[in-house]
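Asker: sequence and predicted structure below; questions after.
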Amino acid sequence: MPIDFLAIGHLTHDRTPDGFRVGGTVSYSAVTAQRLGRHAGILTRGTLEGLRNGSLLYSPENVTAPVDSPLHGVAIHMLPSTVSTTFNNIYHGGQRTQILEALAPPIEPEELPPAWDRVPIVLLGPLVREVPPAWVNVFPKALLGVTPQGWMRQWDATGHVSPTRWENAPEFLTRADVVILSREDVGGDEAYIATLAAQARLMIVTDGWHGATIYHAGGCRHVPPRPTQEIDPTGAGDVFATAFLIRLAETGDPFTAAQFANVVASMSVEGVSIAGIPFRARVEAWLTDHQ
């Protein structure tokens with residue numbers, strides 16, 4: 001069956017206290033899309049070694065995840081690399097220290113499988129600047145979302161990651177339909193948020209348990225969060241972004257989409273890693289009970 005949601009970026013090999021697991025924006029995004037009723041695909045670059053602990057099976061460029069993997073049923077097109085991008089994420093009191101241990105090469109537009117050039121919803125989800133700006137011109141008829149954290153981070157010689165300004169922002173802001181970032185991505189800089197929002201068609205800023213803010217047509221509107229008990233916050237922003245795009249495509253209403261995405265993201269942090277991402281029936285049941 002053709003895919004109707006595509007995430008582009010690196011699948012990662014994430015070090016945790018319990019060992020390595022598959023991560024990256026595209027993994028959380030694709031699973032979220034699938035659990036919300038879409039047929040998801042991932043275009044990525046990496047190695048079998050870097051993903052072995054994610055229980056992935058190779059067949060040249062196409063990867064099939066077995067039934068016991070959260071990525072089962074997701075179409076994965078794996079481009080070759082000698083390494084997979086690898087992170088060590090360390091949390092202290094809600095704050096994250098991130099260390100880059102290995103870096104795979106970028107993903108170029110000409111490497112897109114021909115069968116995927118008309119996907120209706122696309123998320124550019126880089127982690128380490130691996131998605132070049134030329135991607136914004138590849139899907140003229142798609143709802144195109146961007147999570148720019150991969151262009152808003154830098155790393156030193158030891159791999160320690162820190163925030164930085166989004167140097168090529170105008171190239172994306174003028175073409176993307178939606179830009180979704182977190183307050184953490186910009187270090188809480190309100191002036192910088194305002195600068196980016198002024199250039200964007202539609203921008204959403206997430207802020208953990210504070211909810212999210214919609215910036216559109218010169219104004220902004222806060223969307224309150226769903227109360228939750230956080231267990232693992234990893235990937236919550238990626239889950240939000242995906243849920244927002246899907247609901248925006250269905251309704252055309254950014255506020256409705258943000259309400260929906262807040263619920264999906266809040267449920268996702270109540271479990272560990274990808275396993276916490278909810279199915280649509282649970283999300284809709286909660287919304288029905290609380291409207």
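Answerer: On my side now, so go ahead. Small disclaimer: the values here were computed from a predicted structure and weren't measured.
Asker: and the strands in the stretch 1-150 of the chain?
Answerer: 5-8, 12-16, 19-23, 40-45, 57-59, 62-64, 75-79, 86-92, 95-102, 121-124, 143-146 (DSSP state E, counting those that start in this stretch).
Asker: which of the ones you listed sits most buried?
Answerer: strand 5-8 (a mean of 30; mean count of other Cβ atoms under 10 Å). Where you see a C-beta, it was placed from the backbone N, CA and C, and this is true even at glycine.
Asker: quick one: list the elements packing against that one.
Answerer: Contact analysis of strand 5-8 by 3 or more Cβ pairs under 8 Å, 6 or more residues apart in numbering; DSSP states H and E lists helix 25-35, strand 40-45, strand 121-124, helix 236-251 as its packing neighbours.
Asker: can you rerun that using 6 Å?
Answerer: The contact analysis (3 or more Cβ pairs under 6 Å, 6 or more residues apart in numbering; DSSP states H and E) places strand 5-8 against helix 25-35, strand 40-45, strand 121-124.
Asker: and the ones you listed: which comes nearest F240?
Answerer: helix 25-35 (8.8 Å; Cβ to Cβ).
Asker: picking up where we left off before, could you tell me the least trusted of the strands of the stretch 1-150 of the chain?
Answerer: Lowest mean pLDDT of the strands of the stretch 1-150 of the chain: strand 57-59, a mean of 41.
Asker: nearest to T85, of the helices and strands packed on strand 5-8?
Answerer: Closest to T85 of the helices and strands packed on strand 5-8, according to Cβ to Cβ: strand 40-45, at 8.3 Å.
Asker: neighbouring strands of that closest one in the sheet, and parallel or not?
Answerer: strand 5-8 (parallel), strand 75-79 (parallel) (DSSP bridges).
Asker: distance of A241 relative to T174?
Answerer: Distance from A241 to T174, counting by Cβ to Cβ, to the nearest Å: 19 Å.
Asker: between those two, which one's more packed in?
Answerer: A241 (30 against 11; other Cβ atoms under 10 Å).
Asker: how about the nearest residue to the more buried one, chain neighbours excluded?
Answerer: Of all residues not flanking A241 in the chain, I180 sits nearest, at 4.2 Å (Cβ to Cβ, 6 or more residues apart in numbering).
Asker: ramachandran angles for the one you found?
Answerer: Taking degrees, to the nearest 10, you get phi -130, psi 120 for the backbone angles of I180.
Asker: ok, it - contacts?
Answerer: Contacts here follow Cβ atoms under 6 Å, 6 or more residues apart in numbering; on that basis I180 touches T147, I204, A241.
Asker: what segments of the stretch 101-250 of the chain are helices?
Answerer: 169-173, 190-199, 236-251 (DSSP state H, counting those that start in this stretch).
Asker: buried stuff in the shortest one?
Answerer: Spelled out, it's helix 169-173. Across helix 169-173, burial judged by 16 or more other Cβ atoms under 10 Å covers A169, E171, F172, L173.
Asker: save those residues as CSV, and put in pLDDT too.
Answerer: Formatted as CSV, the buried residues of helix 169-173 follow (pLDDT from 0 to 100):
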residue, pLDDT
A169, 94
E171, 92
F172, 94
L173, 92
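Asker: in the sheet, which residues pair with I42? Tell me.
Answerer: Beta-bridge pairing for I42 (DSSP bridges): A7, I76.
Asker: where's A30 relative to S273, distance?
Answerer: In this structure, A30 and S273 are 14 Å apart, going by Cβ to Cβ.
Asker: tell me which of the strands of the stretch 1-150 of the chain lies nearest to D253.
Answerer: Once the strands of the stretch 1-150 of the chain are compared by Cβ to Cβ, strand 143-146 is nearest, at 13.4 Å.
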